[in-house]
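> Quick one, what's the 3D model for this:
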Amino acid sequence: MNIDLSLIQIDSTKEITIDKSYSIPKEYYENTDILDLSDINIKGSFKEKENDDFELDDYFSGTISGVMYIPDSISLKKVTYPFSIEYDDFIPKNCIKNENLLDIFQFLWENTVLEVPLQFTKESDLSKFHGDGWRLISEDQLKIENNPFSDLLKDFEEE
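Down below sits the predicted model:
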């Protein structure tokens, strides 16, 4: 996943436009909440820009997008979760760079992982989730129904 920066370095062009798709190998996300991951699309431009230390550094402005498949927080079924990241900043220093190539794999992977939600559900009917002495209720039902912890909840709402 290398971007050829040689045209910028020889002042042939001011920026390099990119519109490509990259695959993240399964071994990167097999021990995460991501069950599967489509190709990551990156669209934007790379250029050299002066950073806070008055040095030229690699800068990316564009969009990173794709679709990840994650477990539903309630039913644990595999659901699709599309994501799109607007990025307009310097590329982190941990990207491997030689004189002409910028390896953006780590940059793509780190930004993709940041998009994994802590909880996500597509379930709307919670009535089918019940067992012996328990049932799943929504946040609205929690506030409406007779709740033995309602006095504690009032204390938290006041703060």
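> Report the secondary structure state of the most centrally placed residue in the chain.
With distances taken as C-alpha atoms, centre = their mean, the residue of the chain nearest its centroid is Glu115 (1.9 Å). The local conformation at Glu115, judged by DSSP: H, G, I helix; E, B strand; the rest coil, is coil.
> Mind telling me what element Gln27 is part of?
For residue 27 the amino acid is Glu, not Gln. Using DSSP states H and E, Glu27 falls within helix 26-29.
> Could you report the pLDDT at the residue lying closest to the residue nearest to the centre of the chain once chain neighbours are set aside?
Spatially, and ignoring its direct neighbours in sequence, Glu115 is nearest to Phe83 (4.2 Å; C-beta to C-beta, 6 or more residues apart in numbering). (Each C-beta comes from the backbone N, C-alpha and C, glycine too.) As predicted, Phe83 sits at a pLDDT of 94.
> Identify the bridge partners of Phe83.
For Phe83, the beta-bridge partners are Gly66 (DSSP bridges).
> for the chain, what are the low-confidence residue spans?
Counting by pLDDT under 70, the chain has low-confidence residues at 1, 4-13, 50-57, 92-100, 142-148, 150, 153, 155, 157-159.
> in the chain, which spans are strands?
For the chain, the strands defined by DSSP state E cover 2-4, 15-22, 36-37, 40-50, 56-71, 78-90, 101-103, 130-131, 134-135.
> For the second one, name the packing helices and strands.
Taking 3 or more C-beta pairs under 8 Å, 6 or more residues apart in numbering; DSSP states H and E as the contact definition, the neighbouring helices and strands of strand 15-22 are strand 2-4, helix 6-9, strand 40-50.
> Apply 6 Å and report the result again.
For strand 15-22, the contact count by 3 or more C-beta pairs under 6 Å, 6 or more residues apart in numbering; DSSP states H and E identifies strand 40-50 as packing neighbours.
> Buried residues, the strand it packs on. List them.
Within strand 40-50, the residues scored as buried using 16 or more other C-beta atoms under 10 Å are 40-42, 44, 46-48.
> Switch those residues over to JSON lines; also include distance to Gly131.
Listed next are the buried residues of strand 40-50 as JSON lines, based on distance: C-beta to C-beta, whole Å:
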{"residue": "Ile40", "distance to Gly131": "39"}
{"residue": "Asn41", "distance to Gly131": "42"}
{"residue": "Ile42", "distance to Gly131": "45"}
{"residue": "Gly44", "distance to Gly131": "49"}
{"residue": "Phe46", "distance to Gly131": "54"}
{"residue": "Lys47", "distance to Gly131": "57"}
{"residue": "Glu48", "distance to Gly131": "60"}
